[in-house]
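[1] Based on what follows, work out the 3D shape:
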Amino acid sequence: MKKPKYGQQVREPTELDFATTDCVVIDIGSSSCKVGYAGDDSPLFSMRTCVSSKDSAIVGNNCFENALTVKQPTISRKSKQNEYTSSRERQERKNMEEALEKISQMKFSSLEWPYQNGCISGKTALANMDKIWSTLWNNPKLETSSDSQAVLISEAAGIDKKHRQQIAEIMFEKYKVPELYFSLQPVLSMYSTGRTSGLAIDIGHQLTQVVPMYEGFALDHAILTYKMGGSDITSYLRDLIILRLKSQGKSSSIPFNTIRGFAYTELIKESLGEVRVGSSSPSEEEVEYILPDRSRISVGQERFDCTELLFNPRDTIEKPIPSISDIVHQSYDMCDDYIKGLIVGNVGLFGGSSKFKGLRHRLSDELAQIMYNTHDPNVEYMGGSEITGMAINSPREPENSAWIGGSMLASLKTFSSMTIKKAAYDNDPNIIFS
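    Here you go, the predicted structure:
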């Protein structure tokens, strides 16, 4: 078979390329953890990576169980056929609903997120992370035990080796996994597109990662990360809405400091958040948004201002960090000329916080202008004000790209030869770094 050129999409794999054994793929992030089997098109389930500091039994999705739900009116049925619940069962259901409602009204600060910026960090982080792992492995949808399946775990780029060591230790020693494999999230995301060379931009909940790749391997010297992501945009949107309401002398129906308030703000951001693109941006007039509890809130230019954090961070926060356009260009500029030629036509935009309308267009325009100003040979002047630089692509499900890439990688027939075996780890724990 003719070998494809670097950066071009590879051939569709055949059945002979895939393994027959199952592997559990875990894509863990600061906000959520996606879990499923290799070879599947999507994860089996997703769970929040948080634990309540008020009640140790409240873990993961239980923290948000009732935040976006609306109590349905009780419908009385006189038919004896439908009277299947006893008074005790009804009372237990009522108690559960009241408990979930109480959880949603807890302060958001009562939640602890042990996985911060791609690392397990904090005084109680290891203990809380263990609760998350336990909840994950006991999820009935998984239908397997940890000691019977190989496991692929994604990790953030540029993190300390201690993080991998902590996860390997708990997976091999407590959960007895037979085989383990680690891979960078941006690399897996690029795999999901069928490409092995290019530039992966992953905008996550707390961390943005820019990783150039060549022939399936990350170019370590050009990897750049910075602490900016969806959580910062959510917090900024909340502050903007509160500030506008105060200036108008109005009060909000949203309890912003509660778990429900955070969930509502995330919902507004995901539904209405948009990026300004030149002079062609749509109207920034206020739009009315109906929340799950049927209350209404008006959102205007805040839905555009919140996403400006990605492009003008110095104007909105105190951290002296560059814009996403600058960080992408810095990573690109650290590559060899030959690699740059591959990157220009193969840039992938991934992560849950990359879904904002207009983001891909704005980022492409700004990068083209930077490349033009630096006399980059890979930029083309099309006449007038039109400049073409990097071709940025985004998949349909950018939030699941890393998991999908892991599913594809772990399905390969050669995957088992790449994994770290438990016996090898027991003999030499440092093998996880080789």
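
[2] which stretches of the stretch 1-150 of the chain aren't confidently modelled?
    In the predicted model of the stretch 1-150 of the chain, residues 1-21, 65-86, 88-105 satisfy pLDDT under 70.

[3] who are the neighbours in contact with Arg44?
    To be clear, residue 44 is Leu; Arg isn't right here. Val35, Gly36, Tyr37, Asn139, Lys141, Leu142 (Cβ atoms under 8 Å, 6 or more residues apart in numbering). C-beta coordinates here come from the backbone N, C-alpha and C atoms, glycine included.

[4] How about the backbone phi and psi for it?
    Backbone torsions of Leu44, given as degrees, to the nearest 10, read phi -70, psi -40.

[5] Next one: it relative to Ile167, how far apart?
    20 Å (Cβ to Cβ, to the nearest Å).

[6] now Asn393
    Counting by Cβ to Cβ, the gap from Asn393 to Ile167 is 31 Å.

[7] ok, these two, which is more surrounded?
    Ile167 (21 against 15; other Cβ atoms under 10 Å).

[8] The more buried one is in contact with Ile153, isn't it?
    Yes - counting by Cβ atoms under 8 Å, Ile167 does reach Ile153; the two are 6.2 Å apart.

[9] hey, what's in contact with both of the two?
    With Cβ under 8 Å, 6+ apart as the test, Ile167 and Ile153 both reach Phe182.

[10] Can you pull the phi and psi angles for the nearest residue in space to Phe217 that is not next to it in sequence?
    Nearest non-adjacent residue to Phe217, counting by Cβ to Cβ, 6 or more residues apart in numbering: Val187, 7.9 Å away. Backbone dihedrals for Val187, given as degrees, to the nearest 10, come out at phi -70, psi -50.

[11] hang on, isn't Ile327 packed against Leu224?
    Yes - Ile327 lies in contact with Leu224 (Cβ under 8 Å); the separation is 5.4 Å.

[12] intersection of neighbour lists for those two?
    Val210.

[13] now the strands for the stretch 301-434 of the chain?
    347-350, 380-383, 386-388, 392-393, 420-421 (DSSP state E, counting those that start in this stretch).

[14] Show me what the fourth one packs onto, helices and strands only.
    Helices and strands touching strand 392-393, as assessed by 3 or more Cβ pairs under 8 Å, 6 or more residues apart in numbering; DSSP states H and E, comprise strand 347-350, helix 359-373.

[15] Contacts for it, please.
    Thr193, Ile201, Asn346, Val347, Gly348, Leu349, Arg360, Leu363, Ser364, Leu367.

[16] who touches Ile203 in this structure?
    Contacts of Ile203 (Cβ under 8 Å, 6+ apart): Gly229, Gly230, Leu310, Ile324, Leu349, Phe350, Gly351, Gly352, Ser353, Ser354.

[17] mind checking how far the second one is from Leu367?
    In this case it means Gly230. 21 Å.

[18] which one of these two has more residues nearby?
    Comparing Gly230 with Leu367 by other Cβ under 10 Å, the one with more neighbours is Gly230, at 28 against 24.

[19] the strands in the stretch 151-300 of the chain, which residues?
    Under DSSP E, counting those that start in this stretch, the stretch 151-300 of the chain gives strands at 179-184, 198-203, 208-214, 217-218, 224-226, 287-290, 296-299.

[20] where exactly do the helices run in the chain?
    Secondary structure of the chain by DSSP state H: the helices cover 87-104, 125-137, 161-169, 185-191, 230-247, 259-272, 302-305, 324-333, 337-344, 359-373, 401-410, 422-427.

[21] Out of those, which gets the lowest mean score?
    Of all the helices of the chain, the minimum mean pLDDT falls on helix 87-104 (a mean of 58).

[22] right, and the helices and strands packed on strand 392-393 - which one's nearest Asp428?
    strand 347-350 (33.9 Å; Cβ to Cβ).

[23] what separates the closest residue to Phe108 other than its chain neighbours from Trp113, distance-wise?
    Once flanking residues are discounted, Phe108 sits nearest to Phe262: 4.5 Å by Cβ to Cβ, 6+ apart. For Phe262, the distance to Trp113 (Cβ to Cβ) stands at 12 Å.

[24] the more surrounded of these two?
    Neighbour count, other Cβ under 10 Å: between Phe262 and Trp113, Phe262 has more, with 24 against 19.

[25] so what's the more buried one up against?
    Taking Cβ under 8 Å, 6+ apart as the test, what Phe262 contacts is Ala67, Phe108, Thr234, Arg238, Phe256.

[26] at 10 Å instead, please
    Contacts for Phe262 (Cβ atoms under 10 Å, 6 or more residues apart in numbering) come out as 64, 67, 104, 107-109, 111, 231, 234-235, 238, 254-256.

[27] same check, this time on Ser32
    With Cβ under 10 Å, 6+ apart, Ser32 has these contacts: 43, 46-50, 60-61, 115, 204-205, 352, 399.

[28] what's the most distant pair in the residues you listed?
    Between any two of the contacts of Ser32 (Cβ to Cβ), the greatest distance is 18.7 Å, for Asn61 and Gly204.

[29] between those two, who's got more neighbours?
    Using other Cβ under 10 Å as the criterion, Asn61 and Gly204 rank with Gly204 on top: 28 against 15.

[30] Need phi/psi at the more buried one.
    Residue torsions, per degrees, to the nearest 10, at Gly204 are phi -100, psi -160.

[31] What of Gln206?
    Torsion angles, degrees, to the nearest 10, at Gln206: phi -130, psi -20.

[32] gap between Ser146 and Lys176?
    6 Å.

[33] Same question for Leu126.
    18 Å.

[34] what number of residues lie near Trp137?
    With neighbours defined by other Cβ under 10 Å, the count for Trp137 comes to 17.

[35] quick one: it from Lys176, how far?
    11 Å.

[36] Overlap of the contact sets of the two?
    Taking Cβ under 10 Å, 6+ apart as the contact rule, the neighbours common to Trp137 and Lys176 are Ser145, Ser146, Asp147.

[37] What residues sit buried inside stretch 130-146?
    Judged by neighbour count using 16 or more other Cβ atoms under 10 Å, the buried positions of stretch 130-146 are Lys131, Ile132, Trp133, Thr135, Leu136, Trp137, Leu142, Ser146.

[38] Now for the third one: which residues touch it?
    Pointing back at Trp133 there. With Cβ under 10 Å, 6+ apart, Trp133 has these contacts: Ile26, Ile28, Cys33, Ser146, Ile167, Ile170, Met171, Lys174, Tyr175.

[39] Can you say which of the residues you listed are buried?
    Counted by 16+ other Cβ under 10 Å, the contacts of Trp133 give Ile26, Ile28, Cys33, Ser146, Ile167, Ile170, Met171, Tyr175 as buried.
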